[in-house]
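Please work out how this folds:
(one chain, ligands or ions: 1)
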Amino acid sequence: MAAQANQTTTGTAPAIELRTVTKRFRTPSGGVYTALRDLDLTVAPGEFCAVVGPTGCGKSTTLSLVSGLERASRGETLIHGEPVTGIDRRVGFMFQTDAVFPWKPVLDNVAAGPQFRGVGKREAIEKARDWLRRVGLSGFEDRLPHQLSGGMRKRVALAQTLINEPEILLMDEPFSALDVQTRQIVQDELLSLWELTRPAVVFVTHDLEEAIALADKVVVLTVGPGTVKDTFAIDLPRPRKVQDIRFHPRFVELYEQIWTSLRDEVQLAYARTAGESPRPEQAPEPGSGPVRDHEPAVNEPRTNEATRTNDTIGQPR
Ligand SMILES: Nc1ncnc2c1ncn2[C@@H]1O[C@H](COP(=O)(O)OP(=O)(O)OP(=O)(O)O)[C@@H](O)[C@H]1O
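Modelled structure (predicted):
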């Protein structure tokens, strides 16, 4: 603990650290489902980390642990060297669905975060105006969210998240609902805004091209119970334009290497849900808080996983 405290004060602690984390859930039938097992993950301050893995391998669960929404059954989750004990104001989130107040104009939606954090209304509105300008939405301040396109709503979501200047940014498939062209524009915007404030990012995606184009490193998780299979440093130059970087010869090399690692996990996940190789029952693990050790451990796959396995992870477009 002393070493951790020292690391924190000297600013050298990782922004995020998961140490040998296991996460188990109780299933509706009373069994125990192990979503993550012995997962180790470190993200440095200012580092952009993308996480890929087959459906159901525990990517969102990993984010839930960092966000403080869930607690590990075993192992430690640390932010800047300190254990996560709940929701932390230094952490920002962006998910697949937009978290907006549908009845509020865009400006008020963006100003809501700072106001919630105690900033006065006038200052919050000025800040919101500034962030809307940065995401290219000046002139749209009075629109309601439903009066914007999907891409514009994502830019609002970016402004809403980044206005709070998070030190850690957790993103769970934030752009998956967008068409390819809009997605690339918003990805570029994310990169240029990230350069401004440099939060540590964990970006979960099913899109390997997106992961490589955005990240400093790509972490491949195994089929569930998820653990880190491989970590790839993305040594592509920055600043990047996502439309261009995928034609870089190194991008293609990295894509092939990472896909080789990922492909086996995707196929295994698909085979499980297609019934070729049923998920093994798992022995309960000690020290898991509310899930007691003598309870039966049964891994129960989600019924809709098979349909999502191969459609979003594939060869470069
Ligand atoms: N609260 C919960 N109770 C029981 N099981 C859960 C709970 N949350 C997640 N799980 C299970 O844990 C596993 C991992 O879920 P998670 O959502 O983290 O996977 P994922 O990799 O993000 O999936 P996808 O790529 O499909 O979004 C899944 O099999 C899921 O059904």
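
What's the end-to-end length of stretch 61-78?
End-to-end distance for stretch 61-78: 15 Å, by Cα to Cα, to the nearest Å.

Flag the shaky bits of the chain, pLDDT-wise.
1-11, 275-317 (pLDDT under 70).

can you give me the strands in it?
Assigned by DSSP state E, the chain shows strands spanning 16-26, 32-43, 48-52, 74-79, 82-83, 91-94, 168-172, 200-204, 217-221, 228-233.

will you turn those into CSV that also has distance to the ligand?
Yep, even glycine has a C-beta here, placed from its N, CA and C like the rest. Compiled in CSV, these are given as follows (distance: least, Cβ to the nearest ligand atom, whole Å):
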stretch, distance to the ligand
strand 16-26, 3
strand 32-43, 3
strand 48-52, 9
strand 74-79, 14
strand 82-83, 21
strand 91-94, 14
strand 168-172, 7
strand 200-204, 6
strand 217-221, 7
strand 228-233, 13
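
Looking at those, spot the one closest to residue 144.
strand 91-94 (20.1 Å; Cβ to Cβ).

rewinding a little: I'd like the strands of the chain as CSV, with distance to residue 239 appended.
CSV is the format used below for those (distance: least, Cβ to Cβ, whole Å):
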stretch, distance to residue 239
strand 16-26, 24
strand 32-43, 20
strand 48-52, 12
strand 74-79, 27
strand 82-83, 32
strand 91-94, 21
strand 168-172, 18
strand 200-204, 15
strand 217-221, 17
strand 228-233, 18
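
and the chain, which residues reach the ligand?
Residues of the chain lying close to the ligand by Cβ under 6 Å from any ligand atom are 25, 27, 33, 35, 53, 55-61, 224, 302, 308.

Mind giving me the PyMOL command for buried ones among those residues?
Restricted to buried positions by 16 or more other Cβ atoms under 10 Å, the PyMOL selection for these reads:
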select buried, resi 25+33+35+53+55+56+57+58+59+60+61+224+308
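
how many other residues sit next to residue 85?
10 (other Cβ atoms under 10 Å).

So what does it have for phi and psi?
In terms of degrees, to the nearest 10, the main-chain angles of residue 85 are phi -120, psi -10.

That one against residue 67, yeah?
No - using Cβ atoms under 8 Å, residue 85 makes no contact with residue 67, being 11.9 Å away.

List the residues that contact whatever residue of the stretch 101-250 of the chain ends up closest to the ligand.
Across the stretch 101-250 of the chain, the shortest distance to the ligand (Cβ to the nearest ligand atom) belongs to residue 224, at 5.5 Å. By Cβ atoms under 8 Å, 6 or more residues apart in numbering, the contact list for residue 224 reads 34-36, 54, 56-58, 269, 279, 299.

That one and residue 97: what is the separation?
Note on residue 224: its distance to residue 97, by Cβ to Cβ, to the nearest Å, is 23 Å.

and what of residue 194?
Noted for residue 194: a distance of 21 Å to residue 97, by Cβ to Cβ.

same thing with residue 141?
Distance from residue 141 to residue 97, by Cβ to Cβ: 22 Å.

do the same with residue 230
Between residue 230 and residue 97 the computed distance is 30 Å (Cβ to Cβ).

who has more neighbours, these two?
Comparing residue 230 with residue 97 by neighbour count (other Cβ under 10 Å), the higher total belongs to residue 230, at 15 against 10.

How about the more buried one: which residues does it bridge to?
residue 220 (DSSP bridges).

Could you pull up the residues touching it?
By Cβ under 8 Å, 6+ apart, the neighbours of residue 230 are 219-220, 258, 261.

Next up, the contacts around the nearest residue to residue 178 once chain neighbours are set aside.
Computed as Cβ to Cβ, 6 or more residues apart in numbering, the closest residue to residue 178 that is not its neighbour in sequence is residue 150, at 5.6 Å. For residue 150, the contact set (Cβ under 8 Å, 6+ apart) comprises 177-179, 182.

Kindly report the same for residue 69.
Residue 69 neighbours (Cβ under 8 Å, 6+ apart): residue 87.

same check, this time on residue 109
100-101, 145, 156, 160.

do that again at 10 Å, thanks
By Cβ atoms under 10 Å, 6 or more residues apart in numbering, the residues touching residue 109 are 98-103, 128, 132, 141, 144-145, 153, 156-157, 159-160.

how close does it get to residue 101?
With Cβ to Cβ as the criterion, residue 109 and residue 101 are 6 Å apart.

any common contacting residues for those two?
144-145.

Tabulate the contacts of residue 230 (TSV), appending distance to residue 40.
Shown next, in TSV, are these (distance: Cβ to Cβ, whole Å):
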residue	distance to residue 40
219	10
220	13
258	19
261	16
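
most neighbours, which of these?
Using other Cβ under 10 Å as the neighbour criterion, residue 219 leads the contacts of residue 230 with 26 neighbours.
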